[in-house]
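Undergrad: Predicted model and sequence follow; I will ask about them next.
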Number of protein chains: 2
Amino acid sequence: MEGVDKEKVQRIIYEMSKGSKYFENEKRKEAFIKQKIESLRAQRAKLTEKDISHFQMIVNKRILELDGSRDLSKIWLHTDMDAFYAAVETLENPLLKGKPLAVGGMSMICTASYEARKYGVRAAMPGFIARKLCPELIFVPTNFGKYTYYSEKTRNVFSKYDPDYIATSLDEAYLEITEICKQRSISSEEVAAELRNTIYQETGLTCSVGVAPNRMLAKFEFQLVEIGYTDLIALYWNIPVCSDINKPNGQFILPNDRDAVMTFISSLPIRKVGGIGKVTEQILREVLGISTCTEILQKGALLHALFSHCSTGWYFRY
Amino acid sequence: MEGVDKEKVQRIIYEMSKGSKYFENEKRKEAFIKQKIESLRAQRAKLTEKDISHFQMIVNKRILELDGSRDLSKIWLHTDMDAFYAAVETLENPLLKGKPLAVGGMSMICTASYEARKYGVRAAMPGFIARKLCPELIFVPTNFGKYTYYSEKTRNVFSKYDPDYIATSLDEAYLEITEICKQRSISSEEVAAELRNTIYQETGLTCSVGVAPNRMLAKFEFQLVEIGYTDLIALYWNIPVCSDINKPNGQFILPNDRDAVMTFISSLPIRKVGGIGKVTEQILREVLGISTCTEILQKGALLHALFSHCSTGWYFRY
DNA sequence: ACACAAATA
DNA sequence: TACTTATTTGTGT
DNA sequence: CGCCAGAAC
DNA sequence: TACTGTTCTGGCG
Ligand SMILES: Nc1ncnc2c1ncn2[C@H]1C[C@H](O)[C@@H](COP(=O)(O)OP(=O)(O)OP(=O)(O)O)O1
Ligand SMILES: Nc1ncnc2c1ncn2[C@H]1C[C@H](O)[C@@H](COP(=O)(O)OP(=O)(O)OP(=O)(O)O)O1
Ligand SMILES: [Mg+2]
Ligand SMILES: [Mg+2]
Ligand SMILES: [Mg+2]
Ligand SMILES: [Mg+2]
């Protein structure tokens, strides 16, 4: 994000949190994770070369399998409204336009306008800290009803492009647009641009859109299909770019092409991958020195050795 | 309550509320009730003398019936902890003792210590108004777990006096002590005093206790029994009196005697009766000029004429 | 099968 | 004064 | 019966 | 900045 003084933000958050019950609890948790990391390090140290090459073989086979089963024949589109709750509030009270705005109260805020984000204000941040970061921050209490109302409006649009669209929250959904592209013989870029425009016409709200090829259809884990897309696509729209402006109100298209996918993925920090959060990131980094997706492939054997074999599922994503 | 400047309190509440969304909504409701009252007044004006004497007969019969079915053979005891949540918090952090204390946050407080009540601070009052009333007010967030814990402790005591005690909230319960009084041949006063003492020993918390005769056992409305007691008893402990000090940490005994009950009840403001709240009080007062329980009996015919015949149930209480 | 932690919006 | 809530998924017993 | 308002803690 | 959440009951269509 442009122009956020991360240094200062972190300092203020620390100053405000220090000593609180919440803070103490966080420290407790951190300690517990450190311990878990130590234990994993010990396990890794015990692995022999033989163990590793053994696992490497298993992993190689699994990767080949998955690579082969990759399905590039569908086109999936992901949409996510920009600063959704805040955008709705601004729409209903235009005086708020352009102002740093937080939705929520002094105890917790659910989201913040992009103006507020410049100050480091974020979703899931307590309001009283946010106000320290940005004293002129305006607070609006949350009105769940409104957001549902506008969410329905966007969904009406979605259903015109894919009647079976998959909504994953009030403000985002996945659409399979393979058919639409074929029928109207237009590119996915054009569909994306049109969709964004329609949504804006219908609701006055902007959204960001990502388009990507899909992944293997339910092999045994039927619902994992969707997850396969989720990850990829969620990433795409994290990248600014495309015909339009920068981050909010933008779109990004990844071609249905193996090389494009691999190139795109390989340099991604793992933290961006869906399902890898603060804790998992820390564990992978401090135990195996893994930070990017390429490294996941490189150290596949170690991962397979140290983590539950269900985590092999992580490989679903490339 | 001693030494509360009601004038000032009301003024401050008004100043703080004025203009808020909450306030506007209250006004809307008020208007609606006014309208209802008008409608009832009109109905009353239409009643002929004949109508009234007709209803009077029905009502007289009903009253006689209920008077006859009154059961004075049982002894019921009602307990209610003093400033429960606040007392628990004070117990766990003695620094708070003697200080004006509110349990809750700036948006809402659940209860206040008696010190705070002197300033007009009350349960169900938003914290930011309470703080205006009493700037040195200390806020403690609610810890439902703690209250449940201490509630269980009190209930252990209750069960020794009546294994079938009826708990109606974390901090109050009804006990049938007829048997205990007989078995140990002690008066209900003695049981009450002993119970209060035991609870204090076990928990360090004080409570107020009321004792009263009971009412007809389920005639057709099986569960109404309990309600019959509820009203009476809830009233008793509203009256300071008895061997001990004044309001908190006190007890009051009403003898099992028809005259005593009638005398006690007759002068009570109806608002004190369970089930009659702000709205019903206003309606009865502004439509029929009823303010005390005696007047309810006097105007029984009108009540019967104007209100749903199930409201006849109000007569259950005398 | 279940309770618990992690991740996400 | 004040650090959410609902939901889904994986892990370890 | 389901929905809403009033009441209570 | 900010006016609860839960449970029960009676009225009403
Ligand atoms: N941690 C949270 N707790 C509660 N509600 C949240 C949380 N995070 C997000 N929300 C709500 C408010 C958001 O407007 C809405 C959509 O989330 P999300 O798409 O992640 O952010 P956003 O739409 O506000 O901004 P943007 O997508 O532009 O980054 O869900
Ligand atoms: N309106 C309310 N909203 C939420 N919780 C409440 C409310 N009123 C009371 N409580 C909680 C907090 C109280 O400590 C507890 C018992 O209520 P109650 O007996 O009426 O008052 P109290 O025990 O705090 O004081 P006291 O009984 O001495 O008047 O229930
Ligand atoms: Mg969004
Ligand atoms: Mg979203
Ligand atoms: Mg009490
Ligand atoms: Mg009580």
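TA: Looks like it arrived, so ask away. Ligands and ions are numbered 1, 2, ... in the order given.

Undergrad: The residue located most distally from the centre of chain A in helix, strand or coil?
TA: For chain A, the residue at maximal distance from the C-alpha centroid (CA atoms, centre = their mean) is A:K50, at 37.3 Å. What DSSP: H, G, I helix; E, B strand; the rest coil gives for A:K50 is helix.

Undergrad: For stretch A:48-55, buried residues please.
TA: A:I52, A:F55 (16 or more other CB atoms under 10 Å in any protein chain shown). No exception for glycine: its C-beta is placed from N, CA and C like everyone else's.

Undergrad: Residues contacting it, please?
TA: With contact meaning CB atoms under 8 Å, 6 or more residues apart in numbering or on different chains, stretch A:48-55 is reached by A:G300, A:A301, A:L302, A:H304, A:A305.

Undergrad: Can you tell me which of these comes closest to A:A173?
TA: A:G300 (32.6 Å; CB to CB).

Undergrad: what sits against the closest one?
TA: A:G300 touches A:F55, A:Q56, A:V59, A:N60, A:I63, A:Y315, counting by CB under 8 Å, 6+ apart.

Undergrad: do that again at 7 Å, thanks
TA: A:V59, A:I63 (CB atoms under 7 Å, 6 or more residues apart in numbering or on different chains).

Undergrad: For it, give its distance to B:L47.
TA: Look at A:G300 and B:L47: by CB to CB, to the nearest Å, they are 89 Å apart.

Undergrad: cool, A:T168 as well?
TA: Counting by CB to CB, the gap from A:T168 to B:L47 is 63 Å.

Undergrad: got it, and A:C134?
TA: Counting by CB to CB - A:C134 and B:L47 are separated by 65 Å.

Undergrad: Among the contacts of stretch A:48-55, which one lies nearest to ligand 1?
TA: A:G300 (30.4 Å; CB to the nearest ligand atom).

Undergrad: Looking at per-residue confidence, what score does the nearest residue to A:I290 once chain neighbours are set aside get?
TA: Spatial nearest neighbour of A:I290, chain neighbours left out: A:L284 (4.3 Å); criterion: CB to CB, 6 or more residues apart in numbering or on different chains. The model reports A:L284 with a pLDDT of 92.

Undergrad: Which element, helix or strand, includes A:L284?
TA: helix A:278-288 (DSSP states H and E).

Undergrad: neighbouring contacts of whichever helix or strand comes after that helix?
TA: Beyond helix A:278-288 on the C-terminal side, the first helix or strand identified by DSSP H and E is helix A:293-298. Residues outside helix A:293-298 that contact it (CB under 7 Å, 6+ apart): A:I265, A:S266, A:S267, A:L268, A:I270, A:V273, A:I290, A:L303, A:W314, A:Y318.

Undergrad: isn't A:K118 right up against A:D5?
TA: No. In this structure, A:K118 is not within contact of A:D5 by CB atoms under 7 Å, at 9.5 Å.

Undergrad: Run the contact check for the helix or strand hosting A:Y149 versus DNA strand C.
TA: Assigned by DSSP H and E, A:Y149 belongs to helix A:144-161. No. Remark: helix A:144-161 sits outside contact range of DNA strand C, by CB under 7 Å from any atom of the strand, the gap being at least 9.9 Å.

Undergrad: For that helix, output the C-alpha coordinates as CSV.
TA: C-alpha atoms of helix A:144-161 as CSV (Å, rounded to 0.1, in the frame of the first residue of the first chain):
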residue,chain,number,x,y,z
PHE,A,144,-25.6,-5.5,8.6
GLY,A,145,-28.9,-5.1,7.0
LYS,A,146,-27.7,-2.5,4.5
TYR,A,147,-24.7,-4.7,3.5
THR,A,148,-27.0,-7.6,2.9
TYR,A,149,-29.3,-5.4,0.8
TYR,A,150,-26.4,-4.3,-1.5
SER,A,151,-25.0,-7.8,-1.5
GLU,A,152,-28.2,-9.0,-3.0
LYS,A,153,-28.0,-6.4,-5.7
THR,A,154,-24.5,-7.5,-6.7
ARG,A,155,-25.7,-11.1,-6.7
ASN,A,156,-28.5,-10.3,-9.1
VAL,A,157,-25.8,-9.2,-11.5
PHE,A,158,-23.6,-12.3,-10.9
SER,A,159,-26.5,-14.6,-11.7
LYS,A,160,-26.7,-13.1,-15.2
TYR,A,161,-23.2,-14.3,-15.9
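
Undergrad: contacting residues around A:S188?
TA: Contacts of A:S188 (CB under 7 Å, 6+ apart): A:I75, A:L77, A:I177, A:C181, A:V211, A:I253.

Undergrad: ok, now how distant is it from A:H78?
TA: A:S188 is 12 Å from A:H78, by CB to CB.

Undergrad: swap in A:E176?
TA: For A:E176, the distance to A:H78 equals 11 Å [CB to CB].

Undergrad: Could I get the buried residue list for stretch A:146-166?
TA: Quick answer for stretch A:146-166 (16+ other CB under 10 Å): A:Y147, A:Y150, A:S151, A:T154, A:V157, A:F158, A:Y161, A:D162, A:Y165, A:I166.

Undergrad: Now do the same for A:W237: its pLDDT.
TA: pLDDT, A:W237: 37.

Undergrad: Quickly list the domain ranges of chain A.
TA: If you go by automatic domain parsing, the domain ranges for chain A are A:47-71+A:257-318, A:73-84+A:144-228+A:238-256.

Undergrad: Packed most tightly, which of these would that be?
TA: For those, the largest average neighbour count (mean count of other CB atoms under 10 Å in any protein chain shown) is found in domain A:73-84+A:144-228+A:238-256, namely a mean of 17.

Undergrad: if we can go back for a sec, out of the contacts of stretch A:48-55, which two sit at the greatest distance?
TA: Farthest apart among those - using CB to CB - are A:G300 and A:A305, which lie 9.7 Å from each other.

Undergrad: Apart from its neighbours in sequence, what residue is nearest A:E26?
TA: Leaving aside its sequence neighbours, A:E26 sits nearest to A:S17 (CB to CB, 6+ apart; 7.9 Å).

Undergrad: what inclination does the biggest helix by length in chain A have with respect to helix A:278-288?
TA: Looking across chain A with DSSP state H, the single longest helix is helix A:21-46. With axes from the mean of the first three to the mean of the last three CA atoms, to 10 degrees defining the directions, helix A:21-46 sits at 30 degrees from helix A:278-288.

Undergrad: can helix A:21-46 be found next to DNA strand D?
TA: Yes. With CB under 7 Å from any atom of the strand as the criterion, DNA strand D is reached by helix A:21-46 at A:K21, A:Y22, A:F23.

Undergrad: May I see these arranged in JSON lines, with neighbour count and distance to chain B as well?
TA: What follows is the residues of helix A:21-46 next to DNA strand D, written out as JSON lines (neighbours: other CB atoms under 10 Å in any protein chain shown; distance: CB to the nearest CB, whole Å):
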{"residue": "A:K21", "neighbour count": "8", "distance to chain B": "10"}
{"residue": "A:Y22", "neighbour count": "10", "distance to chain B": "12"}
{"residue": "A:F23", "neighbour count": "13", "distance to chain B": "16"}
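
Undergrad: low-confidence ranges in the stretch 151-300 of chain A?
TA: Low-confidence segments of the stretch 151-300 of chain A (pLDDT under 70): A:213-250, A:252-255, A:261.

Undergrad: closest point of it to DNA strand C, which residue?
TA: The minimum distance from the stretch 151-300 of chain A to DNA strand C, using CB to the nearest atom of the strand, falls at A:G277 (2.2 Å).

Undergrad: Quick check: next helix or strand after the helix or strand harbouring A:E115?
TA: Secondary structure assignment for A:E115, by DSSP H and E: helix A:114-117. Scanning forward in sequence from helix A:114-117 by DSSP H and E, the next helix or strand is helix A:127-133.
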